[in-house]
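**Student:** Using only what follows, build the 3D model:
(2 chains)
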Amino acid sequence: MAMLKASLHAEEENKMNDAIVVEGLSKRFAEVQAVSNLSFSVHQGELFGFLGPNGAGKTTTINMLTGLARPDSGTIRIGGIDCTNKPRGAQHLIGVVPDESNLYPELTGFENLCFCAALYGLDKAERQDRAKELLDQFGLAQAANHKFGGYSKGMKRKLTIAAGIIHQPEILFLDEPTTGIDVASARQLRQLIADLHRAGTTIFLTTHYIEEAERLCERIAFIVSGRIVQIDTVEHLVQPLQKKHVVQIAYANILNDIRGKLSESFPGIEFTTQGQGLIRVEASEPIRVGPLVRFLEDQGAEVAEARRMRPSLEDIFVQITGIEAKAMHKEKEKAGGGQ
Amino acid sequence: MKLWIAFWNILVKDMRTYYLKPPNISWGLIFPLAWTGMFFIKSGSGLESLLTLLPGVVALSILFGTTSMLAVTITFEKKSRSFERLLLAPIPLELLMLAKTSGAILFGVANAFVPVIMALCLADLSQVVWSVFVPAVFMIAVASTFLGLFIAVEASEVFEAQTFSNFFRFPMIFLCGLFFPIKKLPVFLKPLSYVLPLTYGADALHGAVHGGHAMPFVLDLSLLAAFCVALFAVSLWNIKRKWIL
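**Tutor:** As a prediction, the model looks like this:
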């Protein structure tokens, strides 16, 4: 009994120390239930990923956590402050980088950062020093005196992130930080996010890029249609699939009913065709590639490659949500993003 | 946190970004000139009627300057989502909206003195009661700005804000005693005049410039102040209801 009490007490204490604690959060817009009964917590200094397709409720959740939207029900604690009835109560603790760059096009990069710092009460010398420091850190020093309106997409994203951390917030909300920018800028941004995390900032990251979440986050929540369907560390999420052995075989020419023939000849192994010329092979025992390749070549296939696959977060995401990651990317690209 | 730093920087940013732009400065100069010229041509009278025209032109310059600028700038910032940045800052909503409206109030006051400076070159303004004129100008600027804020909160597009503000502004030209005395209005329109804030501002200005006022100055300014408080309170309530969804 005493142990149970101690454990409950420890759990309660952990919750109090958590950077973000959400319980039973719901939000409805007219006919649409945007978010339904969400409960989760983000530990101090953690990089927490919030992963889901477009319209899953990621931005609505961020808006409720940052005071831009009022929940219909549920409770929110940010940095120990109860924000349920006072949505803007923890604004001094948080930094927010929205999914669209929303700085002032008429102001220069330097002026934008100084203005954002002023909103948090930093005095002139302090905000100028901080702006210069961030412009250097984000590789934007050359463009410091250029108007924000003339920046490239990647530069805009970087300056928007810099503006979000100008006041050195304890908790940073990043909404789709790498959407719509080129590969090099996205890589640079991921590095900056990792650096911020190492420096001790708690980061709440929403993204639809599964590989990005896998690379950066310690824990991940999958959100689909406003509900959290899974929440765990990346290792724990991938673990069930790690017992599985996966091989991907690429071949050049078209074969009729190759999947059926393979299943017949190799019982106990699961075959999935992935478009023209690509077969995914899954088994609970180690897969011997040689006989498979020989069989395919006997059937007239020109095998180009056979590769062992490490189970990824994408696999578990597809398994849990039934949503193909590629579909998520395409959806986002249609909406104006794209990487 | 030093809230005055946030307040001052929002005000300075708005002045630089919106109000001190060449089109707005030229608007501030041309607008009163156009109205004064129009009334001179219409009445066929000389410079002796300048003092009776001045209060109307001053009030109109403030009304159009403040409402159009504030309604458009706030709607524009809402649309481009830069207003979210302000809502995310740890500033009380009341102070944030006061900072956003202060630029428009100053712009309105500056607009008011353009026709005054022009009139100084053409007529003798020695009999003007400045101790009433200046507070009246300030109160009209505040009331008009808060009317602009009320409109901005209701509109979601810039064109909507412009249309909506015209819906309020143009009737005010005729109903508030700027150029046509309220007592000459048809009986059924008179009650409408008394629910519009500019009526009291215009009355105070007429009284300060040429002594032709219908109500005591204290009553005019008190009613204007009441309109300011009511418009600001309703706008804040609407912001909390509509923007923090």
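**Student:** Residue A:247 against residue A:285, yeah?
**Tutor:** No. Assessed by CB atoms under 8 Å, residue A:247 is found out of contact with residue A:285, at 11.9 Å. Yep, even glycine has a C-beta here, placed from its N, CA and C like the rest.
**Student:** which residues touch the residue of the stretch 151-300 of chain A at minimum distance from chain B?
**Tutor:** In the stretch 151-300 of chain A, the residue that lies nearest chain B is residue A:163 (7.6 Å; CB to the nearest CB). By CB atoms under 8 Å, 6 or more residues apart in numbering or on different chains, the residues touching residue A:163 are A:97, A:103, A:112-113, A:116, B:85.
**Student:** Which ones among the residues you listed map onto helices?
**Tutor:** A:112-113, A:116, B:85 (DSSP state H).
**Student:** Looking at the residues you listed, spot the one nearest residue B:155.
**Tutor:** Using CB to CB, residue B:85 comes nearest to residue B:155 of those, at 19.9 Å.
**Student:** okay but that closest one is in contact with residue A:116, surely?
**Tutor:** Yes. Residue B:85 lies in contact with residue A:116 (CB under 8 Å); the separation is 6.9 Å.
**Student:** residues contacting residue B:62?
**Tutor:** So, once contact is read as CB under 8 Å, 6+ apart, residue B:62 ends up touching B:108-109, B:111-112, B:137, B:140-141, B:144.
**Student:** and it, that's in a helix?
**Tutor:** Yes. The assignment for residue B:62 (DSSP: H, G, I helix; E, B strand; the rest coil) places it in a helix.
**Student:** gap between it and residue B:107?
**Tutor:** 9 Å (CB to CB, to the nearest Å).
**Student:** Ok, residue A:238 next?
**Tutor:** In terms of CB to CB, residue A:238 sits 59 Å off from residue B:107.
**Student:** The two: which has the busier surroundings?
**Tutor:** More crowded of residue A:238 and residue B:107, by other CB atoms under 10 Å in any protein chain shown: residue B:107, with 26 against 18.
**Student:** was I right about that one contacting residue B:67?
**Tutor:** No. Look at residue B:107 against residue B:67 with CB under 8 Å: they stay out of range, at 10.8 Å.
**Student:** Can you get me a residue count around residue B:81?
**Tutor:** The burial count for residue B:81: 14, using other CB under 10 Å.
**Student:** Please state the backbone phi and psi of the closest residue to it other than its chain neighbours?
**Tutor:** Distances taken as CB to CB, 6 or more residues apart in numbering or on different chains place residue A:102 nearest to residue B:81, at 4.1 Å, with adjacent residues excluded. Main-chain torsions, residue A:102, degrees, to the nearest 10: phi -120, psi 40.
**Student:** Residue A:102 contacts residue B:86, doesn't it?
**Tutor:** No. Look at residue A:102 against residue B:86 with CB under 8 Å: they stay out of range, at 10.3 Å.
**Student:** neighbour count winner among those two?
**Tutor:** Set residue A:102 next to residue B:86 and count neighbours by other CB under 10 Å: residue A:102 wins out with 20 against 17.
**Student:** residues in contact with residue 220?
**Tutor:** Going with chain A. Taking CB under 8 Å, 6+ apart as the test, what residue A:220 contacts is A:48-51, A:213-214, A:230-234, A:237, A:313.
**Student:** Let me rephrase: I mean chain B.
**Tutor:** Per CB under 8 Å, 6+ apart, neighbours of residue B:220: B:136, B:200-201, B:203-204, B:207, B:213.
**Student:** now with 6 Å?
**Tutor:** Applying CB atoms under 6 Å, 6 or more residues apart in numbering or on different chains, we find residue B:220 in contact with B:200, B:203-204.
**Student:** cool, residue B:53 as well?
**Tutor:** residue B:39.
**Student:** so what's it scoring on pLDDT?
**Tutor:** Predicted confidence (pLDDT) for residue B:53: 86.
**Student:** And the helix or strand hosting it, what's buried?
**Tutor:** Secondary structure assignment for residue B:53, by DSSP states H and E: helix B:50-79. By neighbour count on 16 or more other CB atoms under 10 Å in any protein chain shown, the buried set for helix B:50-79 is B:50-78.
**Student:** Report the angle between the least confident helix or strand in chain B by mean pLDDT and helix B:50-79.
**Tutor:** Within chain B, no helix or strand scores below helix B:22-43, which has a mean of 75 by mean pLDDT, DSSP states H and E. Interaxial angle of helix B:22-43 relative to helix B:50-79 (axes from the mean of the first three to the mean of the last three CA atoms, to 10 degrees): 150 degrees.
**Student:** How is residue A:40 assigned, secondary-structure-wise?
**Tutor:** strand.
**Student:** Specify the beta-bridge partners of it.
**Tutor:** residue A:22 (DSSP bridges).
**Student:** From residue B:11, how far out is it?
**Tutor:** 40 Å.
**Student:** Then residue B:200?
**Tutor:** 27 Å.
**Student:** Which one of those two is surrounded by more residues?
**Tutor:** Comparing residue B:200 with residue B:11 by other CB under 10 Å, the one with more neighbours is residue B:200, at 30 against 19.
**Student:** ok, that one to chain A distance?
**Tutor:** Taking CB to the nearest CB, to the nearest Å as the measure, residue B:200 falls 35 Å from chain A.
**Student:** And the helix or strand hosting that residue, how far out from the chain middle?
**Tutor:** Using DSSP H and E, residue B:200 sits within helix B:197-210. Relative to its chain's centre, helix B:197-210 lies at 13 Å (CA atoms, centre = their mean, to the nearest Å).
**Student:** Contact residues of chain B facing chain A?
**Tutor:** Contacts of chain B with chain A, taken as CB under 6 Å from any CB of the partner chain, map to B:1-2, B:5-6, B:9, B:13, B:17, B:81-82, B:85, B:88-90, B:244-245.
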